[in-house]
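Peer 1: just need the structure, nothing else, for what follows:
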Amino acid sequence: MPPKKNPLKLNKLQLRTLALAQILARDPAMAQQIETTGEAALLQVPHAHGNHLHVGDFTVSTRDASGLTNPAVWSALARKKLIHTANPMAIATLTPEGLAYDTGLGHHFMTPSDH
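Peer 2: Model prediction:
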């Protein structure tokens, strides 16, 4: 039997936010890898300018990235143990489960940046 899609029943905003956080976690300018735990601490989130923001090499509409500034979304991800906020120097820390969670959104709403 194939694994269930979205087993934690994240809503669309939570899925988009987690997908963006996973991309940010791979960017050394935005995150710090914690080798001992397999986690990634997000040190900052990109700021929007105009109707978009830059996440790694991608341009994302501010509408699609609205969860990055929504405390309720981060709380939901923490309740599901995909992130935690114990590190005062980080916005959030993605757990190994959060880094590995298949959102199914990988590249659906991201386009390469033109600037």
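
Peer 1: how many neighbouring residues does S75 have?
Peer 2: By other Cβ atoms under 10 Å, the residues close to S75 number 12. Where C-beta positions appear, they are placed from N, C-alpha and C, glycine not excepted.

Peer 1: surely it is within a strand?
Peer 2: No - counting by DSSP: H, G, I helix; E, B strand; the rest coil, S75 falls outside a strand, being helix.

Peer 1: how close does it sit to T59?
Peer 2: Going from S75 to T59 by Cβ to Cβ, to the nearest Å gives 27 Å.

Peer 1: what does H47 give?
Peer 2: In terms of Cβ to Cβ, H47 sits 13 Å off from T59.

Peer 1: between the two, which one's more packed in?
Peer 2: More neighbours surround T59 than the other of H47 and T59, with 16 against 9 (other Cβ under 10 Å).

Peer 1: now name the helix or strand holding the more buried one.
Peer 2: strand 58-61 (DSSP states H and E).

Peer 1: same thing with L15?
Peer 2: Counting by DSSP H and E, L15 is part of helix 12-25.

Peer 1: that helix packs against which elements?
Peer 2: Judged by 3 or more Cβ pairs under 8 Å, 6 or more residues apart in numbering; DSSP states H and E, helix 12-25 is in contact with strand 31-34, strand 39-42, strand 52-55, helix 71-79, strand 92-94, helix 96-100.

Peer 1: quick revisit: now for H47 and T59: what residues contact both?
Peer 2: Taking Cβ atoms under 8 Å, 6 or more residues apart in numbering as the contact rule, H47 and T59 both touch L53.

Peer 1: ranking the helices and strands packed on helix 12-25 by burial, who's on top?
Peer 2: Stretch with highest mean neighbour count among the helices and strands packed on helix 12-25: strand 92-94 (a mean of 25; mean count of other Cβ atoms under 10 Å).
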